[in-house]
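1. Structure here, sequence nowhere to be found:
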């Protein structure tokens, strides 16, 4: 009974877990839970995660949900994981925890609210909502500015001036990658003023490839589908 | 240069940190940052926490913000802290991390949105907002139900069936205590159907007294002030 990762690659935190496992040669079975088909709400999945969300893991009798808790656990449990992902040193670890905790009510909430309400809602049976999207974009943009001015100060390769990525880099960049599915001009307007953020995203991509690109494959497919739909609805003149 | 805790006792996570330090005989200096006077937005405090939020700690040259990261750090750093607060055992610790991570987008967001928009906003220069309060209350109530049915299953004394409190018990109960300042009939309507939740809050109180009551003193004062104002505005017939 090995490690099972219940995931939907359209979910940012799911992708972070899968990339982390692949990067660290952790043996695991990926069990796909298709959110668009409501598979996270079945009685079977509720036994895995009563909160009905992906990702979740099962390792023998041990079950765990919440992606940051999973990343911390995997980093500590598997000896093959390099220290830079979640350092043993107490103060370095605390700084990473601080970013991971900050993430929830800031970058995650902003990006999720914006992307859902401006692009993904119809695929999940909800209408688009311009006002909610606007509120999300505001929080997203202020979160991006804070990451840049505080954790990437001096244009460092990774957060906190680190030379190698941590689980915080992986979690936050997977979140930002979700912007691939929104209108491309809008995406550019959000990221364009922030060269440091775009460099950092590239650094995390390069440090975790080929897994990063492979795991994000589905996102590019959805992006292409949504773009072709947008062009049909409002053709460029 | 000892440990400094920058806190406003009107903030739930600030109270959790202070109670934790007192319970574990951690020597610290409490530096009051009065949010209602905007002291969290001064250039001096921005040097402590660039995110302009309490709580934050400084220990020599080491600075840290985000209450859960602080609780984890203090629990690991100080040998006087008993293991039950944040166990060394990897799977027990991961389960506590899972609750702490879940908290942000659920109980915390629901309670904060509800309490702010139904009671505290005017004191901070904002109008009350009935619609936002209603949305917050909905998330708060569903979060309470989830805590009860999942983490307090079998009416256990503390979360996860534990015999002693963890940092997750402390953080979540300090959040729920904020309901003291909303209309008392409303508060009763929210908590009344959940005997297990009320028992658990009592257990955390008892396990951390006299500190729990002392640190929550300001909340009872604000409660009394808001109640007298409510009675003046709409006197009971």
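-> Noted; the coordinates are in hand. In this text, all values refer to a predicted model and were calculated from it rather than measured experimentally. Numbering: from 1, shown residues only, chains lettered A, B, ... in the order given.

2. hey, let's count contacts and neighbours off CA atoms from now on
-> OK.

3. Listing request: residues of chain A with sub-threshold pLDDT.
-> Applying pLDDT under 70 to chain A flags the ranges A:1, A:234-237.

4. mind redoing it with 80?
-> A:1, A:233-237 (pLDDT under 80).

5. can you map out the strands along it?
-> A:3-7, A:28-32, A:56-59, A:62-65 (DSSP state E).

6. What are the structural domain limits within chain A?
-> A:3-81, A:85-233 (automatic domain parsing).

7. How about the residues of chain A by chain B?
-> Contact residues (C-alpha under 8 Å from any C-alpha of the partner chain) of chain A with chain B: A:50-51, A:62, A:64-66, A:68-70, A:72-73, A:76-77, A:90-91, A:94-95, A:97-98, A:101-102, A:104-105, A:146, A:150.

8. if we go to 10 Å?
-> Applying C-alpha under 10 Å from any C-alpha of the partner chain, we find that chain A lies next to chain B at A:50-51, A:62-74, A:76-77, A:90-91, A:93-105, A:108-109, A:146, A:149-150.

9. Type out the ChimeraX command that picks the buried ones from the residues you listed.
-> Entered in ChimeraX, the line below selects the buried ones among the residues of chain A next to chain B, by 16 or more other C-alpha atoms under 10 Å in any protein chain shown:
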select /A:50,51,63,64,65,66,67,68,69,70,71,72,73,74,76,93,94,95,96,97,98,99,100,101,102,103,104,108,109,146
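
10. So which of the residues of chain A next to chain B sit within helices?
-> Here DSSP state H is the test, and these give A:67-74, A:76-77, A:90-91, A:93-103, A:109, A:146 as lying in helices.

11. Residue A:121 is in contact with residue A:128, isn't it?
-> Yes: at 5.8 Å, residue A:121 counts as touching residue A:128 under the criterion of C-alpha atoms under 10 Å.

12. contacting residues around residue A:124?
-> For residue A:124, the contacting residues are A:35-38, A:116, by C-alpha atoms under 10 Å, 6 or more residues apart in numbering or on different chains.

13. Can you name the residues that contact residue A:202?
-> A:157, A:173, A:196, A:208 are the contacts of residue A:202 under C-alpha under 10 Å, 6+ apart.

14. quick one: which of the contacts of residue A:124 is nearest chain B?
-> residue A:116 (15.7 Å; C-alpha to the nearest C-alpha).

15. and that closest one, how many neighbours does it have?
-> 23 (other C-alpha atoms under 10 Å in any protein chain shown).

16. ok, now the one 10 residues further on?
-> When counting by other C-alpha under 10 Å, one arrives at 11 neighbours for residue A:126.

17. gap between it and residue A:67?
-> Distance, residue A:126 to residue A:67, by C-alpha to C-alpha, to the nearest Å: 25 Å.

18. repeat for residue A:5
-> 11 Å.

19. and what of residue A:231?
-> Here residue A:231 is placed at a distance of 35 Å from residue A:67 (C-alpha to C-alpha).

20. Residue A:157 too?
-> Residue A:157 sits 23 Å away from residue A:67, going by C-alpha to C-alpha.

21. With distance to residue B:29 as new columns, can the strands of chain A be given to me in CSV?
-> Listed next are the strands of chain A as CSV, based on distance: least, C-alpha to C-alpha, whole Å:
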stretch, distance to residue B:29
strand A:3-7, 44
strand A:28-32, 47
strand A:56-59, 40
strand A:62-65, 36
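
22. Run a quick neighbour tally on the closest residue to residue A:128 other than its chain neighbours.
-> If the residues on either side of it in the chain are set aside, residue A:128 comes closest to residue A:117, at 4.9 Å by C-alpha to C-alpha, 6 or more residues apart in numbering or on different chains. Neighbourhood size, residue A:117 [other C-alpha under 10 Å]: 23.

23. Surely residue A:117 touches residue A:133?
-> Yes: counting by C-alpha under 10 Å, residue A:133 is a contact partner of residue A:117 at 5.0 Å.

24. shared neighbours of these two, anything?
-> With C-alpha under 10 Å, 6+ apart as the test, residue A:117 and residue A:133 both reach residue A:111.

25. Tell me which stretches of chain A form helices.
-> A:12-23, A:43-48, A:67-77, A:90-103, A:109-115, A:130-146, A:167-177, A:184-191, A:195-208, A:211-215, A:217-233.

26. got TSV for the domains of chain A, with distance to residue B:10 too?
-> Formatted as TSV, those follow (distance: least, C-alpha to C-alpha, whole Å):
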stretch	distance to residue B:10
domain A:3-81	28
domain A:85-233	19
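
27. Point out the one among those domains that comes closest to residue B:12.
-> domain A:85-233 (15.4 Å; C-alpha to C-alpha).

28. Endpoints of that closest one, how far apart?
-> By C-alpha to C-alpha, one end of domain A:85-233 lies 44 Å from the other end.

29. now it, how far from the chain's geometric center?
-> 7 Å (C-alpha atoms, centre = their mean, to the nearest Å).

30. Just confirm residue A:34 contacts residue A:55, I think it does.
-> No: counting by C-alpha under 10 Å, residue A:55 is not a contact partner of residue A:34; they are 11.2 Å apart.

31. So if I had to pick from those two, which one is more boxed in?
-> For residue A:34 versus residue A:55, neighbours defined as other C-alpha under 10 Å are more numerous around residue A:55 (28 against 16).

32. surely the more buried one meets residue A:9?
-> Yes: using C-alpha under 10 Å, residue A:55 is in contact with residue A:9, at 9.3 Å.

33. what touches both of those two?
-> A:15-18, A:32-33.

34. quick one: contacts of stretch A:19-26?
-> Outside stretch A:19-26, the residues that touch it by C-alpha under 10 Å, 6+ apart are A:3, A:5, A:13-15, A:17-18, A:27-28, A:71, A:74-75, A:78-82, A:85, A:166-167, A:170-171, A:174, A:207-216.

35. filter those residues to the buried ones?
-> Buried, going by 16+ other C-alpha under 10 Å: A:3, A:5, A:13-15, A:17-18, A:28, A:71, A:74-75, A:81, A:85, A:166-167, A:170-171, A:174, A:208, A:211-212, A:215-216, out of those.

36. Tell me who's in contact with residue A:117.
-> Contact analysis of residue A:117 by C-alpha under 10 Å, 6+ apart lists A:111, A:126-136, A:182.

37. let's see 7 Å
-> Residues near residue A:117 by C-alpha atoms under 7 Å, 6 or more residues apart in numbering or on different chains: A:128-130, A:132-133.

38. same check, this time on residue A:161
-> Shown in contact with residue A:161 (C-alpha under 7 Å, 6+ apart): residue A:152.

39. Recalculate using a threshold of 8 Å.
-> With contact taken as C-alpha atoms under 8 Å, 6 or more residues apart in numbering or on different chains, residue A:161 is in contact with A:151-154.

40. ok so, going back, where do the contact lists of residue A:5 and residue A:67 overlap?
-> Counting by C-alpha under 8 Å, 6+ apart, the common neighbours of residue A:5 and residue A:67 are A:55-56.

41. Neighbours of the nearest residue to residue A:208 once chain neighbours are set aside, how many?
-> Nearest-residue entry for residue A:208: residue A:23, 6.5 Å, with adjacent residues in sequence omitted and distances by C-alpha to C-alpha, 6+ apart. If you count neighbours by other C-alpha under 10 Å, residue A:23 ends up with 17.

42. State the distance from residue A:23 to chain B.
-> Per C-alpha to the nearest C-alpha, to the nearest Å, residue A:23 is found 21 Å from chain B.
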